[in-house]
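Trainee: sequence plus predicted model, see below.
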Amino acid sequence: MKALVTGATGMVGRRVVERLQKDGWQIAAWVRSEKKARAVLGGGVELVPVEEGARGLRGGCIGCDAVINLAGEPLFAQRWTDRRRSRLLESRVFLTREVVNALEGMERRPQVFVSASAVGYYGDRGEEELIETSGVGDDFLAHLCSEWEKAAIDAESLDIRVVPLRFGIVLSPTGGFLAKLLPQFKAGVGGTFGSGRQYMSWIHIDDLVEIIAMSLVDTRYRGPINAVAPAPVTNKEFAKTFGAVLSRPSIVAVPSMALKIAVGEGSEALLASQRVLPSRLVSLGFRYQYPEMSKALSNVISALE
């Protein structure tokens, strides 16, 4: 079995590559920097340079049974200026279209296309419980996720099974959301964002990798799937649990205005409430290793410290 992975050097991509290699998959990775990718992924991965264009991408897909699309620039690395929003669209929507267009030109195509999306698809929905059939939101991030998914779903016309996975906040010991918050919470100055009443939907990286692996081999996985744990929490509950795991107070709130000054329009996404439930995963009988926030945080923080 062989899979092509975009975003293979990212936090999730690296773990996916490691897992699939253990399962006996051959891996090709579509990469911008061969030097960086070789250092991160090792010598057992076929590297497909982005600069080779659609022809090189099709070559990398030859013999592939699956494509896993995880590429995308970090959402909150910079303020959301008009230029930054364009870059976020390019790195997700346009790149996904490139991959699908390359697949269209192949005689033997992969059987499954797993493509990342995010719970930002739903927008700011307060306490409403959201499942896969809930409507799309009306802010920038919701638009981004919607267009991202549409670009991936175009592969269905090529007789490819498509699985858009709506990621929650990924809890990982190798970076991401928790690594940025850990210094503040360890210093006893961590706390809520804004009011703290907004819901956060999350997933431990081990469970996310398992969902991706299952999507490759179980043909019941099809269409949008909420890749989240079954117990979303409010931001206040998250901060309290994070502090308790570290045996630190968590009473210093970050005002909404401070977030807006720091990340601009991106603050709306940090303050948005998304009470997302894994309806499809539950119906598929998926078994979580980390269904509860306290257990997930304990695992991740022990590895981070």
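Mentor: Sure, I can see it.

Trainee: and the end-to-end length of stretch 187-202?
Mentor: End-to-end distance of stretch 187-202 (Cα to Cα, to the nearest Å): 24 Å.

Trainee: and if you look at stretch 119-130?
Mentor: Across its full length, stretch 119-130 reaches 9 Å end to end, with Cα to Cα as the criterion.

Trainee: who touches it?
Mentor: Under the criterion Cβ atoms under 8 Å, 6 or more residues apart in numbering, residues 134-139, 141-142, 144-146, 149, 166-168, 198-199, 201, 226, 228, 268-269, 271-277 lie in contact with stretch 119-130. (C-beta placed from N, C-alpha, C; glycine too.)

Trainee: same deal with stretch 276-283?
Mentor: Under the contact criterion Cβ under 8 Å, 6+ apart, stretch 276-283 has outside partners 119, 122, 129-132, 166, 168, 199, 201, 211, 223-230, 232, 286.

Trainee: how about a cut-off of 6 Å?
Mentor: The set of residues that contact stretch 276-283 without belonging to it, under Cβ atoms under 6 Å, 6 or more residues apart in numbering, is 119, 129, 130, 131, 132, 201, 225, 226, 228, 230.

Trainee: pull out the buried members of those.
Mentor: Of the members of those, the ones counted as buried by neighbours, 16 or more other Cβ atoms under 10 Å, are 119, 130, 132, 201, 225, 226, 228.

Trainee: quick one, what contacts the fourth one?
Mentor: When contacts are counted by Cβ under 6 Å, 6+ apart, residue 201 is found next to 119, 168, 228, 232, 274, 276.

Trainee: wait, residue 114 sits on residue 164?
Mentor: No. Counting by Cβ atoms under 6 Å, residue 114 sits too far from residue 164 to count as a contact (8.2 Å).

Trainee: tell me the SS of residue 245?
Mentor: Local secondary structure at residue 245 is given as helix here, using DSSP: H, G, I helix; E, B strand; the rest coil.

Trainee: look up phi and psi at the nearest residue to it once chain neighbours are set aside.
Mentor: Nearest in space to residue 245, with sequence neighbours left out and distances taken as Cβ to Cβ, 6 or more residues apart in numbering, is residue 297 at 4.9 Å. Dihedral angles phi and psi of residue 297 (degrees, to the nearest 10) take the values phi -70, psi -40.

Trainee: going forward can the numbers begin at 653, since that is how I track them
Mentor: Yep, numbering from 653; the last one is residue 949 now.

Trainee: any idea how far residue 795 is from residue 949?
Mentor: With distances taken as Cβ to Cβ, to the nearest Å, residue 949 is found 31 Å from residue 795.

Trainee: any idea which of the contacts of residue 853 is closest to residue 692?
Mentor: residue 820 (24.4 Å; Cβ to Cβ).

Trainee: so what's the closest one up against?
Mentor: Contacts here follow Cβ under 6 Å, 6+ apart; on that basis residue 820 touches 771, 853, 854, 855, 880.

Trainee: any idea how far residue 748 lies from residue 734?
Mentor: With distances defined as Cβ to Cβ, the gap from residue 748 to residue 734 amounts to 21 Å.

Trainee: can you give me how far stretch 802-821 is from the chain middle?
Mentor: For stretch 802-821, the distance from its own C-alpha centre to the chain's C-alpha centre is 14 Å (Cα atoms, centre = their mean, to the nearest Å).

Trainee: now the terminal residues of that stretch, how far apart.
Mentor: Start-to-end, stretch 802-821 (Cα to Cα) is 22 Å.

Trainee: try stretch 931-939
Mentor: Stretch 931-939 stretches 13 Å from its first residue to its last (Cα to Cα).

Trainee: quick one: mean pLDDT for it?
Mentor: Per-residue pLDDT over stretch 931-939 has a mean of 98.

Trainee: give me the buried positions along it.
Mentor: For stretch 931-939, burial by neighbour count (16+ other Cβ under 10 Å) applies to 931, 932, 933, 938.

Trainee: and the third one, helix, strand or coil?
Mentor: In three-state terms, and counting by three-state DSSP, residue 933 is helix.

Trainee: kindly report the same for residue 720.
Mentor: Using three-state DSSP, the structure places residue 720 in strand.

Trainee: neighbours around it, how many?
Mentor: Here the number of neighbours of residue 720 (other Cβ atoms under 10 Å) works out to 31.

Trainee: beta partners for it?
Mentor: With DSSP bridges applied, residue 720 shows beta-bridge pairing to residue 657, residue 766.

Trainee: what about the stretch 703-852 of the chain, any weak spots by pLDDT?
Mentor: Scanning the stretch 703-852 of the chain for pLDDT under 70 picks out 729.

Trainee: do that again at 80, thanks
Mentor: Within the stretch 703-852 of the chain, the stretches falling below the threshold (pLDDT under 80) are 726-732, 827, 829-834, 836, 839-843.

Trainee: strands of that one, residue ranges please.
Mentor: If DSSP state E, counting those that start in this stretch is used as the criterion, the strands of the stretch 703-852 of the chain fall at 718-721, 764-770, 781-782, 813-819, 821-823, 851-852.
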